[in-house]
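S.K.: here are the coordinates; sequence isn't available:
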């Protein structure tokens, strides 16, 4: 409950800030401001409603509206925070300019009173027709129209607030729209060659098609899995690896959309390990059985021999809730150390345990490459040693794929969906 309270408090503060910068500051008091405030309040309520209703794998309409707003909210917040510094500097400049404008007439008037003595002639000023005064002093009308300096300063600040709100809105909408198009588009192919010291010459060029985080769910298109399978089949891979987070829902709800997995083609089989999302439901074993029925072999803390190398897979860390966590000793403890071993583990952080078992290469997902930049910085801070691509951790080569789907907002910025072809090479 404490965590939920903190999340709700943070969401409330974010929406209060957005209301101030997008509604209160750029709009004068009145109907428009009241309507804007009501809209922000409704959007604030939409976020927890979306998170609650979509956990069951349903509520497509609410999911689309809510998650799109979450993405837009995220980028509005970032853009507005970035604008705070120039906004402050411009505001200070306008304030000084207004203050200088207010001082100038007062100084001139005081000087006139000191230098010009009051005489009877000065007191008896004849009446002048306004039209004649305007004609005699053409510049005075324009100056008076500007109003007092205080009013001009208020107008300038209002203009600044409106400009910042429009810029933030257009920028955030543009980024979100680009991210939606990227997330819903086809995955991109990443090719990488990785040398393995113990790889036999006869296995040089062995090809692994790697995909993770498909996240089949209520917001993914019906052809989502089929499109991924078509790309995998076009790679002519020796082995296909699905590295966790396949689904966000039950077999009853989403089973028909996973059917294309039965069409996967490879020389030495297709393999699957669980991710954290598989364990978000107590019926996680239903998906393990369904995947096996479709011809994809689950590796649950086990290992298989593929010619001159071994392929091992461990459960995700989240499986510990059901007593089904990763067991590296069971998967790797009794193997022949002279044979190279490839490990499938959903989370990159599992590489630290893999290192003590002499793993030659770990293939992972989980991070989505950050999915929505600059969220990749948060993923790195979470403790994942590699967010995207290739790295070496504790002496173990580690490759992390971006994943082919999305979770939450159907938006990807700076981390396109991905299918990876890993080619093993002999040094």
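M.R.: Good, I have the coordinates. All values reported here derive from a predicted model rather than from experimental measurement.

S.K.: most centrally placed residue in this structure?
M.R.: By Cα atoms, centre = their mean, the chain has its centre lying nearest to residue 372, at 2.3 Å.

S.K.: quick one: contacts for that one?
M.R.: Residue 372 makes contact with 71, 74, 179, 409, 411-415, according to Cβ atoms under 8 Å, 6 or more residues apart in numbering. The C-beta positions use only the backbone N, C-alpha and C, and glycine is treated the same way.

S.K.: and if we set it to 6 Å?
M.R.: Residues near residue 372 by Cβ atoms under 6 Å, 6 or more residues apart in numbering: 411, 413.

S.K.: Which strand residues bridge it?
M.R.: Beta-bridge pairing for residue 372 (DSSP bridges): residue 413.

S.K.: pLDDT score for it?
M.R.: As predicted, residue 372 sits at a pLDDT of 96.

S.K.: what's the answer for residue 330, then?
M.R.: So residue 330 comes in at 96 (pLDDT).

S.K.: Kindly report the same for the one 4 residues further on.
M.R.: We have a pLDDT of 89 for residue 334.

S.K.: got it, and residue 131?
M.R.: 47.

S.K.: ok, now residue 158?
M.R.: pLDDT, read off for residue 158, is 90.

S.K.: ranges for the strands of this structure?
M.R.: 188-195, 207-211, 239-243, 270-273, 297-298, 302-306, 309-313, 341-344, 361-364, 389-393, 396-400, 418-425 (DSSP state E).

S.K.: quick revisit: now do the residue nearest to the centre of the chain against residue 366, distance only.
M.R.: The span separating residue 372 from residue 366 equals 15 Å under the rule Cβ to Cβ, to the nearest Å.

S.K.: got it, and residue 191?
M.R.: 21 Å.

S.K.: what about stretch 193-201, how long is it end to end?
M.R.: One end of stretch 193-201 to the other measures 15 Å (Cα to Cα, to the nearest Å).

S.K.: Next, the buried residues of it.
M.R.: Residues 194, 196, 198-199 are the ones in stretch 193-201 that count as buried (16 or more other Cβ atoms under 10 Å).

S.K.: which two in these are spaced the farthest apart?
M.R.: 194 and 198 (12.6 Å; Cβ to Cβ).

S.K.: thinking again about what came up before, could I get the strands of the chain as TSV with mean pLDDT and distance to residue 51?
M.R.: Listed next are the strands of the chain as TSV, based on pLDDT from 0 to 100; distance: least, Cβ to Cβ, whole Å:
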stretch	mean pLDDT	distance to residue 51
strand 188-195	96	29
strand 207-211	98	26
strand 239-243	98	26
strand 270-273	98	27
strand 297-298	97	29
strand 302-306	96	35
strand 309-313	97	31
strand 341-344	98	30
strand 361-364	98	26
strand 389-393	96	30
strand 396-400	97	26
strand 418-425	98	26
